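Colleague: Return atomic coordinates for the entry below.
(2 chains)
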Amino acid sequence: MKNHKKVYVYKGFERFWHWNQALLIFVLALTGFEIHSSYSLFGFETAVNLHNKAAWGFIILIVFAIFWHFTTGEWKQYIPTSKNLKAQAQFYLLGIFKNAPHPTQKTLLSKLNPLQRLVYLGLKILVIPVMVVSGLFYMFYRYPQGSNIEAINIDSLETVALLHTAGAFAVMAFVLVHLYLITTGHTITSNLKAMITGWEELEEPATDEPQKDESDETK
Amino acid sequence: MKRFTTAITFFLAIVAPLLIVTVVLRQPEEDHTKLEELRAKYPVRHHSGTDHSKMEALQKDFKNPHEITAACLSCHTERGNELLHSSHFRWEREAYIPGRGITYLGKKNLLNNYCTGVQSNEGSCMKCHAGYGWSDKNFDFDNPLNIDCVVCHDNTGTYAKASGAAGYPEMGEDGPDFKAILGSMGLPKSENCGNCHFLGGGGNNVKHGDLELALLTAGRNVDVHMGVDGLHMNCVDCHTAENHILKGRHYGVSSSNDNRLNCEDCHTPYPHQKSILNEHSIKVACQTCHIPVYAKVNATKMNWDWSSATRKKDGKGYAITDSAGNDTYLSIKGDFVWEKNVKPEYAWFNGTADHHLITDKIDTTQPYVKINTLFGEYRDRNSKIYPIKVHRGKQVYDTENLTLIQAKLWDSEEGKGALWVDLEWQPALEKGMEYVGLPYSGKYGFINTEFYLPVNHMVSQASQAVGCAECHTRNDGRLAQLTNFYMPGRDRNDLLDMAGRWLLIASAIGIVVHATLRIIASRRRQTAQQH
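Modeller: Below is the predicted model:
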């Protein structure tokens, strides 16, 4: 067995961003599906108000997150790789039941396994942009009209609304699976603890590189 | 660098959320400046510059009402000419209707599914004409002395036209006190308008449902503008006039989108504090949310079935009255359905309309004949959703010629063919169609008709306005009938929703199976280790 070392994996902002995003997605989903008339909870008017406010919060958070990703170079975490992709899939389908070791070593420079990279990248460049853009269209949507609000003049809300609904289902499916996969760390709770405290016990790489400061990463 | 990162982190973690919370959650102060302006403007009553009781020309003993008109016109020299061009006198308007061209339509020649029409019945109907003597086709619409000034401008509330007298009042000792009446002449009061507009169709609130005598005495809970405990506004405060042409349209008889009277004229197009409500005004008329129900005090007629008319008991006509005092059956008119506190129906409407003319052929494959057609649809930029009173009827038509029939309903004497006097259909139909100069085959039946009256009055207080969820709801919302557009909360794509639901179910099943397998595998390993 390799040595384990406590490493500060998730920085303060990263955790702030993650948990706020989690809260906002929860509120957005709860109110969003009420607006969709899937159930009745707050009442339509309150649901719409909460949804719109949470949406703005989400957008502001995303702007900060994008800034953070680029200034810290953390965006590179999401560059997809085919290396270990098959092995990672096999781990979740087979190895995990045999207590096999994680095929991808989690390091500070590579926090995400190849499957995570793919899924999170998909969220970041496809699902969330679709939700934000369709959401903004939804908010600033103007009916075919002859009066003086001419911000966006499209024919029907239907396409926008259906895209937004489809995206909502995709995010919900992600959240479900994501919540479960939290338990697949070294121990049942190690992933959760890491996202709360920032610290996680990582296997020390074979070539024992010194821990790097972020400033060195911005090449 | 590290310090910079710390600063940014601090900003993001502490300051940004506070900023977001303050910006997003801050409720703006309610701004009622516009309403306050209107409240200051409208209680100011009109004070006439003339005391008509001091006018010698008016304090004479008039032999007939034409002389009264002549006396009025001796000072108001041009007003007669104005009236001759007004719809209150002519009962028709010139209008362009797509598919028909220029038309001259109005109460004068149109049909409805209440008392159907005035032609051949002028002697009775013209009790509500702003003129004297329109008893038949020979009435002179170009003689200013045929105008009745008094019916609109009497401020004593005592003037009345006689029944069945083609618009003439009684004269002499049995007639109204003209000295007092003419001395009071001034701007029309709501009572003047109401004499006809509240009582149209044969009784109080019969026709419109939102216009009735109760408006004269009710509070703001019935009509926020006219309420006696509020601004107590008069009809003409809104329905202003220029040269005797009043603003406002009734689309039972009007066709064109001009000289209308809109809430926006006073309240501006975007009067709400919440922009999401102002956005609604692009496609939803003010009335749609602000008139949640009409006929708030007295019931209005919703259905009129002429086919049961002419029944007799002991050789005579009879009436059946319900507990509220409304006639539910009259031998002269048939069966009625009355309703109170009615939720309107809704339709896209752009301010233009067509009408079923008596010469138009009926398409019997349709479930009903549309007495008038309100134009408009979702994609039309000028259309909004309006509340509508739909009056449904069953009325007489010619089964051979496939046209609606104008029946002769009224006459002062028996044996002249009038339905209301003789209780016989056949002669009433023959006489009526003979009068309008159109063929009648001799065979008649009854056909379902619908008449669409946009609801504009009995505006409720803002707190009573229709709530979001009354339309934004899955089933049976107020707009359930308007299906050609996507509305959040009401509409969904069933396929997409099913796919989404199955995606979530499949994910959940996958998780449960995977977790179960993990637990089983982990137990096996533990047992294996123990051995």
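Colleague: Just give the closest residue to A:L61, not the sequence neighbours.
Modeller: Counting by CB to CB, 6 or more residues apart in numbering or on different chains, A:N20 is the residue found nearest to A:L61 once chain neighbours are left out, at 5.6 Å. The way it works is simple: take the backbone N, C-alpha and C, and place the C-beta from them, glycine included.
Colleague: next structured bit after the helix or strand where that neighbour lies?
Modeller: Per DSSP states H and E: A:N20 is located in helix A:12-35. Heading C-terminal from helix A:12-35, the first helix or strand you meet, by DSSP H and E, is helix A:44-72.
Colleague: So which bits of that following helix are buried?
Modeller: A:44, A:47-48, A:50-55, A:57-58, A:60-62, A:64-65, A:68-69, A:72 (16 or more other CB atoms under 10 Å in any protein chain shown).
Colleague: List the contacts of the residue in chain A positioned nearest to chain B.
Modeller: Residue of chain A nearest chain B, by CB to the nearest CB: A:F169 (3.2 Å). By CB atoms under 8 Å, 6 or more residues apart in numbering or on different chains, A:F169 lies in contact with B:L496, B:A499, B:G500, B:R501, B:L503, B:L504.
Colleague: three-state assignment of residue 102?
Modeller: Unless you meant another one, I'm taking chain A. Here A:H102 is recorded as coil under DSSP: H, G, I helix; E, B strand; the rest coil.
Colleague: try again with chain B
Modeller: B:I102 ends up strand, using three-state DSSP.
Colleague: what number of residues lie near it?
Modeller: Residues lying near B:I102 (other CB atoms under 10 Å in any protein chain shown) number 8.
Colleague: so which helix or strand takes in the residue of chain A closest to chain B?
Modeller: Counting by DSSP H and E, A:F169 is part of helix A:158-181.
Colleague: so can I have a markdown table of the contacts of A:F169 showing distance to chain A, neighbour count and pLDDT?
Modeller: Converted to a markdown table, those look like this (distance: CB to the nearest CB, whole Å; neighbours: other CB atoms under 10 Å in any protein chain shown; pLDDT from 0 to 100):
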| residue | distance to chain A | neighbour count | pLDDT |
| --- | --- | --- | --- |
| B:L496 | 6 | 15 | 97 |
| B:A499 | 7 | 13 | 97 |
| B:G500 | 3 | 23 | 97 |
| B:R501 | 8 | 12 | 97 |
| B:L503 | 5 | 16 | 97 |
| B:L504 | 6 | 15 | 97 |
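Colleague: For those, give me JSON lines that also has secondary structure.
Modeller: Output for the contacts of A:F169, formatted as JSON lines (three-state DSSP):
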{"residue": "B:L496", "secondary structure": "helix"}
{"residue": "B:A499", "secondary structure": "helix"}
{"residue": "B:G500", "secondary structure": "helix"}
{"residue": "B:R501", "secondary structure": "helix"}
{"residue": "B:L503", "secondary structure": "helix"}
{"residue": "B:L504", "secondary structure": "helix"}
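Colleague: And the contacts of stretch A:121-132?
Modeller: With contact meaning CB under 8 Å, 6+ apart, stretch A:121-132 is reached by A:58-59, A:62, A:78-80, A:163-164, A:167-168, A:170-171, A:174.
Colleague: Please repeat the previous calculation with a cut-off of 6 Å.
Modeller: Under the contact criterion CB atoms under 6 Å, 6 or more residues apart in numbering or on different chains, stretch A:121-132 has outside partners A:Y78, A:P80, A:G167, A:A170.
Colleague: So for it, first residue to last residue, what's the gap.
Modeller: Terminal residues of stretch A:121-132 are spaced 16 Å apart (CA to CA, to the nearest Å).
Colleague: Do me a favour and average the pLDDT over it.
Modeller: Taken as a whole, stretch A:121-132 has a mean pLDDT of 93.
Colleague: Please list the residues of chain A that sit near chain B.
Modeller: Residues of chain A that fall close to chain B, judged by CB under 6 Å from any CB of the partner chain: A:12-13, A:16, A:35, A:37, A:44-45, A:53, A:56-57, A:60, A:64, A:97, A:99, A:143-147, A:156-158, A:161-162, A:165-166, A:169, A:172-173, A:176-177, A:180, A:215.
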